Every structure is written in C-alpha cells, then in structure tokens.
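Undergrad: Turn this into a model:
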Amino acid sequence: MVKELPLLEITLRRYEKPYESTHRDLIRKVCLSLGLLQPGDSRDIIVDLLLVLEEARKQKNWLNSFEIRNKIEQIRKENSLENKGLAESNIRRQLKRLRDIMLVDKLENKYRLSEFETLAEIFRIKIESFIIPQTIERIKEYLGKLEE
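TA: Numbers count the residues shown, from 1 in each chain. Next comes the predicted model:
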C-alpha cells in the first residue's frame, strides 16, 4: 500500500489589506496567510518565534533554540500573553515547520531567517518562485493523467 504523504504542503490565505497594525499583528497575518497559524488559534508561539528571528536578522545573528525560547518568553511577558507553547520540543517543532517551507536555515543547531533575507524576499524567492510553481506543475501532471 502506498502512503499518501505530501512531499511539501503549503496553505495560502488572502486577508484584507494591511492597515495600521503593530509589528506583531503584521507577523501574525503573515503566519495566517501562509497557513502557519490557523484562524482563531490562540497557540500563536510561531508569531513570536518569527518576531525573534526577524530581530536577529537585522543584526545578522544566528540563535540556538534556547536563546529563541528566552527571547520569546520576554516578548510574551512584555505583551501580557500566556507562556503556553514554550517547551523546548515545541520551539524545535515550530522551527522545523519554518525550515520545511524554507523560511529558516539551520547550521550547527543555530537558526536564522534564510540567508538573513527579509521575509518579503524569502517569500518571493522561495515560495512564490519555487514552491508554488512546482506544486502547480505537479497538480497539472495529475490532471493530465486523468485525461489519458
């Protein structure tokens, strides 16, 4: 029996135009738009994880998962948010999700936004130009087989 495991999975959602929002709210919308966060989901540790990596990108710093966790804890405290989801295993799982869609690089147990690029540039190069076209082509292959 063949297992139906996707080689890659991506969800894209369209929301209203970005208006006056905090930096955290903008990152949250990006996470929702890319399917990294589900609408109405209160488990939003991935938002703070991207915030931490975005700040580290500006200084071109690689961070290990412990440093990331500590910075997330600080952000959540400053924003009066619950400290749910801060287990080391969850931080690593969220980092893996970001690596799977090529937003994050890992080297010697340290992480960064891919090549210290902006999220907009990473999206353009890796998702818009690479992942989406390949996914569409594969769907077309399946549709073509249906026509045979």
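Undergrad: I'd like the distance between the closest residue to Gln134 other than its chain neighbours and Leu95.
TA: Excluding its sequence neighbours, the residue lying closest to Gln134 (Cβ to Cβ, 6 or more residues apart in numbering) is Leu8, at 7.9 Å. C-betas here are computed from N, CA, C, even on glycine. According to Cβ to Cβ, to the nearest Å, Leu8 and Leu95 sit 17 Å apart.
Undergrad: do the same with Glu55
TA: From Glu55 to Leu95 the distance is 16 Å (Cβ to Cβ).
Undergrad: For those two, indicate the residue with more neighbours.
TA: Counted by other Cβ atoms under 10 Å, Glu55 and Leu95 do not tie: Leu95 has more neighbours, with 20 against 15.
Undergrad: so which strand or helix has the more buried one?
TA: Using DSSP states H and E, Leu95 falls within helix 88-100.
Undergrad: give the contact list for Lys126.
TA: By Cβ atoms under 8 Å, 6 or more residues apart in numbering, Lys126 lies in contact with Ile101, Met102, Leu103, Ser114.
Undergrad: repeat for Gln38
TA: Contacts of Gln38 by Cβ under 8 Å, 6+ apart are Leu32.
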